[in-house]
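**Q** build me a model:
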Amino acid sequence: MSDSYVIIGDGIAGASAAETLREEAPDAEITVLTDEGESLYNRILIKEYAKGKLPEAPISIHQEDWYDEHDVDLRLNTVVVDIDVDEDAVRTHEGETFEYDSLLLAIGGTPQQLPVENADADGIHHFWTFQDARNIKESVEGAEKGVIVGAGLLGIDFAAICGAQGVEAKYLMRGDCWWRYALSEEGAEIMHEAMRERGVDPVFDSGVDRFEVDDEGHVEAAVDPNGERYECDFAGVAIGLNFNTELVEDTPLELDDGIVVDEFMRTNVDNVFAAGDITTFNDLILGEHAKNGSWGSAKEQGTIAARNMVDYGSDEFRWVSSYSITHFDFPFLSFGHPTLGDDSVEATTGENEWRRVALKDGKVVGGVLIGDLSPQSAFKELMREGRDVSGQTDRLMEPGFSVDDLAATTEQ
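**A** Numbering: from 1, shown residues only. Below you'll find the model as predicted:
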């Protein structure tokens, strides 16, 4: 009798797991359950669609017939309401029961809503799904003034969308610069100036105390904690994710800001695995449990999870993630865990060129590159090797840096 695999979630983590399971277990029964109404699409490209730069067609990755061709039972618009790890079964909102030999949870997160008055008003958007992108595109095309909240990697997508659609916007940030946990003011100013050139004005030490709405319930202004009022008919909020752990809170699965898994993507329940944004995983490079929401990381986790569902212990997750921003005239890339570490080194290396490397115990754990991305391979290699660069961190800032520039005595 063939094994039965159930995957909850059809994002890149769940879909890559389905692909790998079909390769590794040709005769297995594979079922994918998703609450979305469409099959896998490229979450990276939906921001280009919202900017008006791409039509819908190139964004889809797996059409529904892909699942038929690979004998994968895809269930769209299906909400899982119960997981019974004792009976090895999941139940849906329509009362269907799916039994499994192994289960993969690729259930991701849901955008956080601002806990302020009128946060759910018409014209206020969060950005996560393709349907979100469609709603944003329609709304921003008819807008004149915008407000953006959330000074991180998703918030800047809203800034780029407003800029591309000709919407004058205020970008309200709680701190003194964009992504202040990973950038200093010096590096962030490059990003600020690029926003200003596109009609998006960063406002520091700000935020939202409440939204004001018109008689029809549509947003018309944001008021910050300082009492400043910013008129808007479009607002984008990107303040982080609430991880969808409510589905497993009544199960024995270990939770810690997500579902805890080992380096093989297995939870503390032997036949239950997790992958993607939802995981708090054993990061073999960092040497501790960590989270990572990048597309590449989620895809790799899905692949690794599937291999270990078939043969546990066969492949470990060891990955240096990266995240790029392509909205401006210069490239931007973060890698690893740029907000972690106990030390850092940074430098401006040219016009619109800046870099910062985060360190922990003398080892590279992440960083940010603006303008010049050429050192990324070297920095990632240092991370993978776990090399101690103590006493040589200035060399990391040199133009044309390569691993060979470091003394051989730093090898561990």
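
**Q** list the buried residues of stretch 344-352.
**A** Buried residues in stretch 344-352, counting neighbours by 16 or more other C-beta atoms under 10 Å, are found at S344, V345, E346, A347, T348, T349, N352. No exception for glycine: its C-beta is placed from N, CA and C like everyone else's.

**Q** ok, residues contacting the helix or strand harbouring the third one?
**A** Read it as E346. Using DSSP states H and E, E346 sits within strand 343-350. Residues outside strand 343-350 that contact it (C-beta atoms under 8 Å, 6 or more residues apart in numbering) are 184, 186-187, 354-360, 362, 371-372, 393-394, 396-397, 399.

**Q** re earlier: which one of the buried residues of stretch 344-352 is nearest E138?
**A** E138 lies nearest to N352 out of the buried residues of stretch 344-352, by C-beta to C-beta, at 33.3 Å.

**Q** spit out the contact partners of the closest one.
**A** For N352, the contacting residues are I190, D329, F330, I370, G371, by C-beta under 8 Å, 6+ apart.

**Q** closest one of those residues to V269?
**A** For the contacts of N352, the nearest to V269 is I370 (42.8 Å; C-beta to C-beta).

**Q** what's across from the closest residue to the closest one other than its chain neighbours in the sheet?
**A** Closest residue to I370 apart from its sequence neighbours, by C-beta to C-beta, 6 or more residues apart in numbering: W354 at 4.5 Å. Judged by DSSP bridges, the bridge partners of W354 are T348, I370.

**Q** right, and W354 touches A188 too?
**A** No: if you go by C-beta atoms under 8 Å, W354 and A188 don't touch, sitting 9.0 Å apart.

**Q** helices of the stretch 1-150 of the chain, start to end?
**A** For the stretch 1-150 of the chain, the helices defined by DSSP state H, counting those that start in this stretch cover 12-24, 46-50, 64-69, 130-141.

**Q** got JSON lines for the ones you listed, with mean neighbour count too?
**A** Shown next, in JSON lines, are these (neighbours: other C-beta atoms under 10 Å):
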{"stretch": "helix 12-24", "mean neighbour count": "24"}
{"stretch": "helix 46-50", "mean neighbour count": "24"}
{"stretch": "helix 64-69", "mean neighbour count": "14"}
{"stretch": "helix 130-141", "mean neighbour count": "18"}
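
**Q** closest to E254 out of those helices?
**A** Short answer: helix 12-24, nearest of the helices of the stretch 1-150 of the chain by C-beta to C-beta, at 18.7 Å.

**Q** so which elements touch the closest one?
**A** strand 4-8, strand 29-33, helix 295-310 (3 or more C-beta pairs under 8 Å, 6 or more residues apart in numbering; DSSP states H and E).

**Q** and the gap between C232 and R91?
**A** Going from C232 to R91 by C-beta to C-beta, to the nearest Å gives 43 Å.

**Q** who has more neighbours out of the two?
**A** Neighbours were counted for C232 and for R91 using other C-beta atoms under 10 Å; C232 has more, 25 against 15.

**Q** measure the more buried one to N226 for me?
**A** For C232, the distance to N226 (C-beta to C-beta) stands at 17 Å.

**Q** got any ranges where this protein has weak pLDDT?
**A** Residue ranges of the chain with pLDDT under 70: 1, 408-412.

**Q** list the beta-bridge partners for D388.
**A** Going by DSSP bridges, D388 forms beta bridges with K363.

**Q** okay but it is in contact with K363, surely?
**A** Yes: between D388 and K363 there is a contact at 5.8 Å, judged by C-beta under 8 Å.

**Q** how about a markdown table for the helices of the stretch 1-150 of the chain, with distance to I304 added?
**A** A markdown table is the format used below for the helices of the stretch 1-150 of the chain (distance: least, C-beta to C-beta, whole Å):
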| stretch | distance to I304 |
| --- | --- |
| helix 12-24 | 8 |
| helix 46-50 | 25 |
| helix 64-69 | 21 |
| helix 130-141 | 26 |
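
**Q** pull the number of nearby residues for Y312.
**A** Residues near Y312, counting by other C-beta under 10 Å, number 16.

**Q** that one reaches M265, doesn't it?
**A** No: judged on C-beta under 8 Å, Y312 makes no contact with M265 at a distance of 9.8 Å.

**Q** tell me where the stretch 101-250 of the chain has strands.
**A** Applying DSSP state E, counting those that start in this stretch to the stretch 101-250 of the chain gives strands spanning 102-105, 109-111, 124-125, 145-149, 168-172, 200-203, 210-213, 219-223, 229-231, 234-237, 241-243.

**Q** mind putting these into a markdown table with distance to R75 and mean neighbour count?
**A** Formatted as a markdown table, those follow (distance: least, C-beta to C-beta, whole Å; neighbours: other C-beta atoms under 10 Å):
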| stretch | distance to R75 | mean neighbour count |
| --- | --- | --- |
| strand 102-105 | 14 | 27 |
| strand 109-111 | 20 | 16 |
| strand 124-125 | 28 | 24 |
| strand 145-149 | 35 | 26 |
| strand 168-172 | 39 | 24 |
| strand 200-203 | 41 | 19 |
| strand 210-213 | 37 | 18 |
| strand 219-223 | 36 | 22 |
| strand 229-231 | 43 | 15 |
| strand 234-237 | 30 | 27 |
| strand 241-243 | 22 | 17 |
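
**Q** wait, what's in contact with E316?
**A** Applying C-beta under 8 Å, 6+ apart to E316 gives the contacts E263, F264, L284, I304.

**Q** which ones among those are found in helices?
**A** Using DSSP state H, the subset of those located in helices is I304.

**Q** most neighbours among the contacts of E316, which one is it?
**A** Counting neighbours by other C-beta under 10 Å, I304 leads the contacts of E316 with 26 neighbours.

**Q** now it. Nearest residue, chain neighbours left out?
**A** Nearest non-adjacent residue to I304, counting by C-beta to C-beta, 6+ apart: F317, 4.5 Å away.

**Q** from what I can see the one you found touches G302, true?
**A** No: F317 is not in contact with G302 according to C-beta under 8 Å; the separation is 10.2 Å.

**Q** more neighbours, those two?
**A** Between F317 and G302, G302 has the larger neighbour count (other C-beta under 10 Å), namely 30 against 23.

**Q** relative to W319, how far out is the more buried one?
**A** In terms of C-beta to C-beta, G302 sits 12 Å off from W319.

**Q** just R134 next, same as before
**A** 31 Å.

**Q** quick one, what contacts L76?
**A** So L76 contacts T34, E36, G37, E38, S39, E64 (C-beta under 8 Å, 6+ apart).

**Q** okay then, goodbye and thanks.
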